[in-house]
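[1] Please find the sequence and the predicted model below.
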Amino acid sequence: MNITVIGTGYVGLVSGVCFSELGNNVICVDNNVEKVNMLMDGHVPIYEPGLKDIMNANMKAGRLSFTTNIQDAISRSNIIIIAVGTPSLPNGEANLSFIELVAREIGSYMDNYKIIMTKSTVPVGTNDRIQEWISSLTNHPFDMASVPEFLREGTAVQDTLYPDRIVIGTHSERAVATLKELHQPLTDQIIVTDIRSAEMIKYASNAFLATKISFINEISNICEKVGADVSRVAEGMGYDRRIGASFLKAGIGYGGSCFPKDTQALIQIAGNVDYDFKLLKSVVEVNKDQRFNVIRKLEDALGSLEGKEIAIWGLAFKPDTDDVRDAPAIEIIQRLLEQGAVIRAYDPIATENFRKEVDSPSITWEERAMKAAEGADALCVLTEWKEFMEVNLTDLAAHMNQPILIDGRNIYGEDQIKDTSFQYYSVGRPG
Ligand code: UGA
């Protein structure tokens, strides 16, 4: 099939690359000239394991190309995928201005029948609006479909090539047939539904996963007070197939470009139809506060943080990505600075991005984990990078001024800690 993907962010780029990997001809369009040039040279602007190799192989095979020329791309394709961003407006609502712009461009350049497939996460009813924006500018026939994306950063290629399910929301049988054929190589689990339900499935899925995280984080807070171990609790719960073991890892709360934005947007979507989504509001509140447990534990160990040297390991919102959007580390470090602490931070790949969010003369950006910990009064682990799990803890304690370890992601086990001098704080486990 001939496919145009508009928007080369996470979703667009990974989808485009993976559809070309399946043997389709894919043109990825972006209005950012610099980014398109970079992609044309075979460079990937995001850190995503495995993506670069598949991208270059498909470019070489002549199935994948990049351009800023949206008109030409549209004329050469029978499926147009919209994958531009929907960032949050100050009130939490999704900003649809990029979507509208693209819809109007599609409308202007339509020259024969096409399927317009939306992969961006958009509020319920948006695909109907896209349909209107396009129809107002063309008489050529087309079908709308909402096919939400469920990939995770860091495992995006794997998630796209081996999805748990594909959701196709459309009112056109012709579109169902084509889109089933397109997705069939990926999975047999294809759910066909109406457009609004497909739009809702995406928000409901992310909101549910966020709820699981906030739930287990609250359980961890209670565990700390009653002397239970949240990791055993989660394990015991997870064997119940109705609950499931995933997304029950207690920590410092969820971050990233999706859960914070999509939970806020769903609260807004509900509010717009006069529904008070109380449960989801609490999920967001719990998440906002969870990260500050790190500060509370530091204060418990050190008293005042004024002038204390605090080492931070991990800035990205999760491992295997350099993405720091809504990373809990941002507010934790800001709060530490407000309290007069001196920071020595290390992340394997996210430092450059992080410095654009927070920078201060009171922060030293280190290039090695051990260097960041050297002479520190306490160390906080904020992202569960594999290299942190592999350090020699006795060595680490010896490098520090005071062996205080706040493990925000429960990466160390009791057996590893017990023979060290560390005063150790984990999340929801007996210390
Ligand atoms: C999330 C969803 O998992 C994807 O299905 C969805 O497609 C994507 O959002 C999106 O809407 O685009 P992502 O944000 O890349 O994917 O990352 P996740 O692996 O879901 O992690 C999100 C956050 O939750 C991270 O900060 C992570 O540390 C935290 N988390 C996750 C926990 O604290 N505990 C867990 O058990 C799992």
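    Yep, it's here.

[2] List the residues that contact Lys52.
    Gly42, His43, Val44 (Cβ atoms under 8 Å, 6 or more residues apart in numbering). Heads up, the C-betas are built off the backbone N, CA and C, glycines and all.

[3] Does the last one touch Asp53 like I think?
    No - taking Cβ atoms under 8 Å as the definition, Val44 is not a contact partner of Asp53, at 9.6 Å.

[4] Could you check which of the two has the larger neighbour count?
    The neighbour comparison of Val44 against Asp53 (other Cβ atoms under 10 Å) goes to Val44, with 17 against 12.

[5] ok, for the most centrally placed residue in the chain, nearest residue in space, not its chain neighbours?
    Nearest to the mean C-alpha position of the chain, by Cα atoms, centre = their mean, lies Gly256 at 4.3 Å. Excluding its sequence neighbours, the residue lying closest to Gly256 (Cβ to Cβ, 6 or more residues apart in numbering) is Phe317, at 4.4 Å.

[6] Wait, the one you found touches Thr383, no?
    Yes - under the criterion of Cβ under 8 Å, Phe317 makes contact with Thr383 at 7.5 Å.

[7] okay, and the common contacts of these two?
    Jointly contacting Phe317 and Thr383 under the rule Cβ under 8 Å, 6+ apart are Ala327, Ala329.

[8] So in this protein, where's the weakest helix or strand by average pLDDT?
    Lowest by mean pLDDT, DSSP states H and E among the helices and strands of the chain is helix 414-418, with a mean of 92.

[9] which other helices and strands contact the next helix or strand after that one?
    Counting by DSSP states H and E, the element after helix 414-418 in chain order, helix or strand, is strand 423-425. Helices and strands touching strand 423-425, as assessed by 3 or more Cβ pairs under 8 Å, 6 or more residues apart in numbering; DSSP states H and E, comprise helix 293-302, strand 404-407.

[10] My read is that Lys281 contacts Ile267, right?
    Yes - at 6.0 Å, Lys281 counts as touching Ile267 under the criterion of Cβ under 8 Å.

[11] Neighbour count: these two, which is higher?
    Ile267 (22 against 15).

[12] any weak-confidence spans in the chain?
    Within the chain, the segments meeting pLDDT under 70 span 431.

[13] Run through the strands of this structure in chain order.
    Here the chain has its strands, by DSSP state E, at 2-6, 25-29, 64-67, 79-82, 114-118, 142-146, 166-170, 190-193, 309-313, 342-346, 363-365, 378-381, 404-407, 423-425.

[14] ranking the ones you listed by burial, who's on top?
    strand 309-313 (a mean of 28; mean count of other Cβ atoms under 10 Å).

[15] Direction included, what does that strand pair against?
    strand 342-346 (parallel), strand 378-381 (parallel) (DSSP bridges).

[16] so it versus helix 293-302, what angle?
    Counting by axes from the mean of the first three to the mean of the last three Cα atoms, to 10 degrees, strand 309-313 lies at 140 degrees to helix 293-302.

[17] Would you mind listing the residues in contact with the nearest residue to Ile330 once chain neighbours are set aside?
    Nearest residue to Ile330, sequence neighbours excluded (Cβ to Cβ, 6+ apart): Glu357, at 5.3 Å. Glu357 is in contact with Val324, Ala327, Ile330, counting by Cβ under 8 Å, 6+ apart.

[18] Please apply the same query to Ile190.
    Contacts for Ile190 were tallied using Cβ under 8 Å, 6+ apart; they are Arg165, Ile166, Ile168, Lys180, His183, Gln184.
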